[in-house]
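Q: fold the stuff below for me.
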Amino acid sequence: MNAPLYLWLIPALPFAGFLINGLLGRRLPKWLVTTVALLAPLAAFGVVLNAALSLFGFGPAVSSLPYLETCPISWINVGTLHIDFSFVLDQLSLVMLLVVTGVGFLIHIYSVGYMAHEEGYWRYFSYLNLFLFFMTVLVLAGNALLMFIGWEGVGLASYLLIGFYFQKTSAADAGKKAFIVNRIGDFGFLIGMFLLLANFGTLTFSEIAEKLAANPGWQGGILTVIALCLLLGATGKSAQLPLYIWLPDAMEGPTPVSALIHAATMVTAGVYMIARTHVLFDHSPFALSVVAIVGAATALFAATIALVQNDIKRVLAYSTISQLGYMFLGCGVAAYSASIFHLMTHAFFKALLFLAAGSVIHAIGGEQDLRKMGGLWKKLPVTFAVTTVGVLAIAGFFPFAGFFSKDAILYAAYVQGTSGKVLWFVGLVTALLTSFYMFRLWYLAFLGKSRSENKPHHSTPWSMLVPLVILGLLSICGGWIGIGRFAAFLTPSVGARPITAEESAPLELIISLGAVGVALLGWWLADIFYRQKPERPAQRAADFPVAYRVLANKYYVDEFYGATIVKPLLFGSRYVLGGFVDTAVLGGAAWLLGGTAKFSGALLQRWQSGNLRSYAAWLAAGAAAVLLFVVVPWSTVLASLSAIHFGVAGH
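A: Predicted coordinates:
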């Protein structure tokens, strides 16, 4: 069954917006730039919504629908290699497209108010549309090569948006850091693609799945290597250990960029890629275990760092890394539907929290330090209300969106035996820390006495308030749609999670109540530290100075990478390549070639002097040489010289 041909409009519309504003935006009036920038994602969302309604509907027969593909266009034909340019639409890509275009459109609206007085307004929106273009290509791709084009494209757009304030050194450096770190992960993705070609002869996801289904006994081995290479790519894009270091610095970009790229879309691309290639991971238990361990370790690691961060956006950045760890944990226990469910709800409440933080920053003149806020709930009542919703959602309180998706992951981990219970415990501790640091942010920013020298002096425009309210509603009820249906809906795309004998409805209820209990404990601890006894945080920091410094300095990971990787590379490029190779080898070769050319030129200069008398002399000398060569019997001369030589030697 073919999907409607209009699927190509989903990426084409944002690309048209990019072209119009990118090429003409400098000369267009601001209202027209805004209109083009908003219509592009809105129209793309409309196409996605129409496809969802016409193809999938709302009935129970949804789960039986086949894999839908556009009419493929022949792209690469080399020998036996055949790759089509084709877009696919199934349950998995549909959910992702609704998130990307829907949340993306809300962030575009928010940006109209937030970026209203910024230089390069047209440039910002052209980059934003370009990002949506590449992200939709990544999601719709029917093969790994087309996905890789979207994969690299979102990296480029992210670099442009993170470094939007390119005249600011920290922003320019953050953009470069994101670009370079992601190249490390992308190398793994490339190696994985080469191995897929070598072992499957194709990069098309459906064909790979068919070949694995025809060989159910094919386990581990090269499949493990391929899966681990793809995992390396995913850790780069989705900011997991050890390649997470770019995402906190990416907060140097405009706040709406953080909400779009680093909360709702780009950073979830790694999770999406693992879910899309789940058949490979399902045939490698070792690779799945590595995914789960990386996710659990990253979730806990990032949560501990978030405990002591004072920049409101960096708290949310480390929270994003931690929540992405939950998604990897879900994939690692083969609960792909739970992972995608959390991806969707996380897009709602994390985009909400970033945009609410942007509203605070916008209102108090650009201040981002939580220690210089406080008492804002009266001045920013709508922002306070939606932030409260976002905090309750990410902490996992019932009935907010995060409760359903996060608990689904924790439950799936718990029923996987002893190793699963260890992963569940790590996830539960992370949930406690998440609740604590998010309520810490809530208390420091909105409650208590104002500690800011800057009083709120900007009114929040409607273009910023409307997206906040919509995302707030989605953060409340966005998880309800997953009750009893979400896993069944995604089963045709990601398969069903293996059921274990340990599972039961009472156990699931107990796991959920335990998660809510630790969320309440985190809130209670934050209340003690930041409302009842606000002097305690400083006392505890003084009691444990080493631990506090380690967390405040993010475990010194950046310093470690700088000392062990960056500095040796700089030394090698500056002194080895720049000194010996560049100066001695390449410079010496250039000097030799230059000297030879100069000497040859000097000789030729004498021959080609332009002086007739000189030419006549050279002509006479040449004629004499020729005559000497022709007339003299050189064979007789050489024979005589040889006889003389041997005669002398014998004497």
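Q: what lies in contact with the host helix or strand of residue 540?
A: Residue 540 belongs to helix 536-543 when assigned by DSSP states H and E. Helix 536-543 has contacts (CB atoms under 8 Å, 6 or more residues apart in numbering) with 308, 528-530, 548. Every C-beta, even on glycine, is put in place using the N, C-alpha and C of the backbone.
Q: tell me which two in those residues are the farthest apart.
A: Taking CB to CB, the two most distant members of the contacts of helix 536-543 are 528 and 548; they sit 17.9 Å apart.
Q: settle it for me: which of the two has more neighbours?
A: The neighbour comparison of residue 528 against residue 548 (other CB atoms under 10 Å) goes to residue 548, with 17 against 12.
Q: please look at the more buried one and residue 308 and confirm they touch.
A: Yes - contact status for residue 548 versus residue 308: in contact at 6.4 Å, counting by CB atoms under 8 Å.
Q: can you list the weak-confidence ranges in the stretch 251-400 of the chain?
A: For the stretch 251-400 of the chain, the stretches with pLDDT under 70 are 263-264.
Q: hmm, 90 instead?
A: 253, 258-266, 362-367, 374-375, 378-379 (pLDDT under 90).
Q: cool, and the stretch 501-650 of the chain?
A: 501-505, 565-650.
Q: let me see the ranges of the helices in it.
A: Here the stretch 501-650 of the chain has its helices, by DSSP state H, counting those that start in this stretch, at 505-527, 536-543, 545-552, 557-561, 567-571, 587-607, 612-631, 634-650.
Q: which of those helices sits most buried?
A: helix 505-527 (a mean of 16; mean count of other CB atoms under 10 Å).
Q: only alpha carbons, please: show that one as CSV.
A: Provided in CSV are the C-alpha atoms of helix 505-527 (Å, rounded to 0.1, in the frame of the first residue of the first chain):
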residue,chain,number,x,y,z
ALA,A,505,-1.3,-5.4,37.4
PRO,A,506,-0.7,-5.2,41.2
LEU,A,507,3.1,-5.1,40.6
GLU,A,508,2.7,-2.3,38.1
LEU,A,509,0.6,-0.4,40.6
ILE,A,510,3.2,-0.9,43.3
ILE,A,511,6.0,0.3,41.0
SER,A,512,4.0,3.4,40.1
LEU,A,513,3.2,4.2,43.7
GLY,A,514,6.9,3.8,44.6
ALA,A,515,7.8,6.3,41.9
VAL,A,516,5.3,8.8,43.1
GLY,A,517,6.6,8.3,46.6
VAL,A,518,10.1,9.2,45.7
ALA,A,519,8.8,12.2,43.8
LEU,A,520,7.1,13.4,47.0
LEU,A,521,10.2,12.7,49.0
GLY,A,522,12.2,14.9,46.6
TRP,A,523,9.7,17.7,46.9
TRP,A,524,9.8,17.5,50.7
LEU,A,525,13.6,17.7,50.8
ALA,A,526,13.5,20.7,48.4
ASP,A,527,10.9,22.3,50.6
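Q: which other helices and strands contact it?
A: helix 381-395, helix 401-414, helix 417-446 (3 or more CB pairs under 8 Å, 6 or more residues apart in numbering; DSSP states H and E).
Q: picking that back up, what is the nearest of the contacts of helix 536-543 to residue 106?
A: residue 530 (30.4 Å).
Q: what about the closest one, neighbour count?
A: For residue 530, using other CB under 10 Å, the count is 22.
Q: my guess is it meets residue 446, correct?
A: No - with contact defined as CB under 8 Å, residue 530 and residue 446 do not form a contacting pair (10.9 Å).
Q: and the residue nearest the centre of the chain, what does it touch?
A: Centroid-nearest residue in the chain, with CA atoms, centre = their mean: residue 237, separated by 3.0 Å. Residues in contact with residue 237 (CB under 8 Å, 6+ apart) are 151, 154-155, 182, 185, 266-267, 269-270, 273.
Q: next one: residue 467
A: Taking CB under 8 Å, 6+ apart as the test, what residue 467 contacts is 106-107, 109-110, 355.
Q: redo the residues you listed as TSV? Include neighbour count, secondary structure and distance to residue 380.
A: Below are those laid out as TSV (neighbours: other CB atoms under 10 Å; DSSP: H, G, I helix; E, B strand; the rest coil; distance: CB to CB, whole Å):
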residue	neighbour count	secondary structure	distance to residue 380
106	26	helix	19
107	29	helix	19
109	21	helix	19
110	27	helix	15
355	30	helix	13
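Q: pull the residues that contact stretch 373-393.
A: Here stretch 373-393 has contacts from 312, 345, 348-350, 352-353, 356, 359-360, 363-364, 367, 400-403, 438-439, 441-442, 444-452, 455-456, 460, 465, 468-469, 471-472, 475-476, using CB under 8 Å, 6+ apart.
Q: narrow these to those that are buried.
A: 312, 345, 348-350, 352-353, 356, 359-360, 363-364, 367, 400-403, 438-439, 441-442, 444-448, 450, 452, 456, 460, 465, 468, 471-472, 475-476 (16 or more other CB atoms under 10 Å).
Q: where does residue 10 sit: helix, strand or coil?
A: helix (DSSP: H, G, I helix; E, B strand; the rest coil).
Q: for the stretch 1-150 of the chain, give me the ranges with low pLDDT.
A: Short version for the stretch 1-150 of the chain, where the test is pLDDT under 90: 1-8, 50-86, 88-89, 116-119.
Q: same thing but 50
A: 1-3, 58-66 (pLDDT under 50).
Q: could you pull out the helices for it?
A: Under DSSP H, counting those that start in this stretch, the stretch 1-150 of the chain gives helices at 9-24, 30-51, 91-114, 121-140, 144-162.
Q: and the contacts of the second one?
A: Spelled out, it's helix 30-51. So helix 30-51 is contacted by 3-4, 6-7, 9-11, 13-14, 16-18, 20-21, 25, 28, 89, 94, 97-98, 101-102, 104-105, 108-109, 112, 121-122, 125-126, 128-129, 132, 136 (CB under 8 Å, 6+ apart).
Q: let's see 7 Å
A: Applying CB atoms under 7 Å, 6 or more residues apart in numbering, the contact partners of helix 30-51 are 4, 6-7, 9-10, 13-14, 16-17, 20-21, 25, 89, 97-98, 101-102, 104-105, 108-109, 112, 121-122, 125, 128-129, 132, 136.
Q: report the buried members of those.
A: 7, 9-10, 13-14, 16-17, 20-21, 25, 89, 97-98, 101-102, 104-105, 108-109, 112, 121-122, 125, 128-129, 132, 136.
Q: before we move on, back to that, pull the CA atoms of the helix holding residue 540 into PDB?
A: The C-alpha coordinates for helix 536-543 follow below in PDB (Å, rounded to 0.1, in the frame of the first residue of the first chain):
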ATOM      1  CA  ARG A 536      21.000  24.700  54.800                       C
ATOM      2  CA  PRO A 537      22.300  24.400  51.200                       C
ATOM      3  CA  ALA A 538      25.300  26.700  52.000                       C
ATOM      4  CA  GLN A 539      25.900  24.700  55.200                       C
ATOM      5  CA  ARG A 540      25.800  21.400  53.400                       C
ATOM      6  CA  ALA A 541      28.200  22.700  50.700                       C
ATOM      7  CA  ALA A 542      30.600  23.800  53.400                       C
ATOM      8  CA  ASP A 543      30.300  20.400  55.200                       C
END
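Q: next, count neighbours for residue 310.
A: 14.
Q: for it, give me its contacts.
A: Here residue 310 is in contact with 369-371 (CB under 7 Å, 6+ apart).
Q: ok, and for the longest helix anywhere in the chain, which residues are buried?
A: The residue-count maximum for a helix in the chain (DSSP state H) belongs to helix 169-200. Along helix 169-200, these residues count as buried under the neighbour rule (16+ other CB under 10 Å): 171-172, 174-175, 177-179, 181-182, 184-186, 188-189, 191-193, 195-196, 199-200.
Q: quick one: pLDDT of the closest residue in space to residue 211 that isn't next to it in sequence?
A: Leaving aside its chain neighbours, residue 211 sits nearest to residue 200 (5.8 Å; criterion: CB to CB, 6 or more residues apart in numbering). Per-residue confidence (pLDDT) for residue 200: 94.
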